[in-house]
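Engineer: Predicted model and sequence below, questions to follow.
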Amino acid sequence: QVQLVESGGGLAQPGGSLRLSCKASGRLFEIDSVGWYRQAPGNQRQFVASIIANGRTTYADSVKGRFTLSRDNAKNTIYLQMDNLKPDDTAVYYCHGRRPGRSDAWGQGTQVTVSS
């Protein structure tokens with residue numbers, strides 16, 4: 001089993017910043033990629049960003065240049081720095097761990113609201 005626990009959501013004004021954290025525990029060797037998805041009301045869950053073992057990151061076009069994904073291997077934690085936030089970024093953000101050959105791991109989600 002893999003457990004993912006998010007923190008850091010909240011309310012920000014347009015143009016503001018927030019940082020999300022996701023701490024992983026359990027059978028981490030089963031994961032080959034970790035990252036973030038988000039889901040706004042009435043929409044499907046969408047990919048935001050991911051990072052693989054060699055440190056390569058991938059971003060959705062909608063967040064490129066504004067969001068930065070990083071990791072602290074010693075703490076088994078990844079971070080999503082979100083800058084220049086827009087109202088369209090409002091969503092529940094989910095930490096995701098891809099587990100080849102197994103069901104993916106998901107966190108419980110953290111709400112991000114961007115509003116003036």
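Structural biologist: Noted; the coordinates are in hand. All of these numbers come straight from a predicted model, not from anything done at the bench.
Engineer: mind listing what T57 touches?
Structural biologist: Contacts for T57 (CB atoms under 8 Å, 6 or more residues apart in numbering) come out as A49, S50, I51, L69. The way it works is simple: take the backbone N, C-alpha and C, and place the C-beta from them, glycine included.
Engineer: Phi and psi next, for the first one.
Structural biologist: Summarising the backbone geometry of A49 under the convention degrees, to the nearest 10, its torsions are phi -160, psi 160.
Engineer: For the contacts of T57, pick the one with the most neighbours.
Structural biologist: Within the contacts of T57, A49 tops the neighbour count with 22 neighbours, counted by other CB atoms under 10 Å.
Engineer: so can I have TSV of the contacts of T57 showing pLDDT and distance to I78?
Structural biologist: As requested, those are exported to TSV (pLDDT from 0 to 100; distance: CB to CB, whole Å):
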residue	pLDDT	distance to I78
A49	98	9
S50	98	9
I51	96	7
L69	97	7
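Engineer: Those in strands, which ones?
Structural biologist: Counting by DSSP state E, the contacts of T57 place A49, S50, I51, L69 in strands.
Engineer: still on that earlier bit, reformat the contacts of T57 into TSV and put distance to Y37 next to each item.
Structural biologist: Output for these, formatted as TSV (distance: CB to CB, whole Å):
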residue	distance to Y37
A49	9
S50	9
I51	14
L69	12
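Engineer: where are the low-confidence patches of the protein?
Structural biologist: Along the chain, segments meeting pLDDT under 70 are nowhere present.
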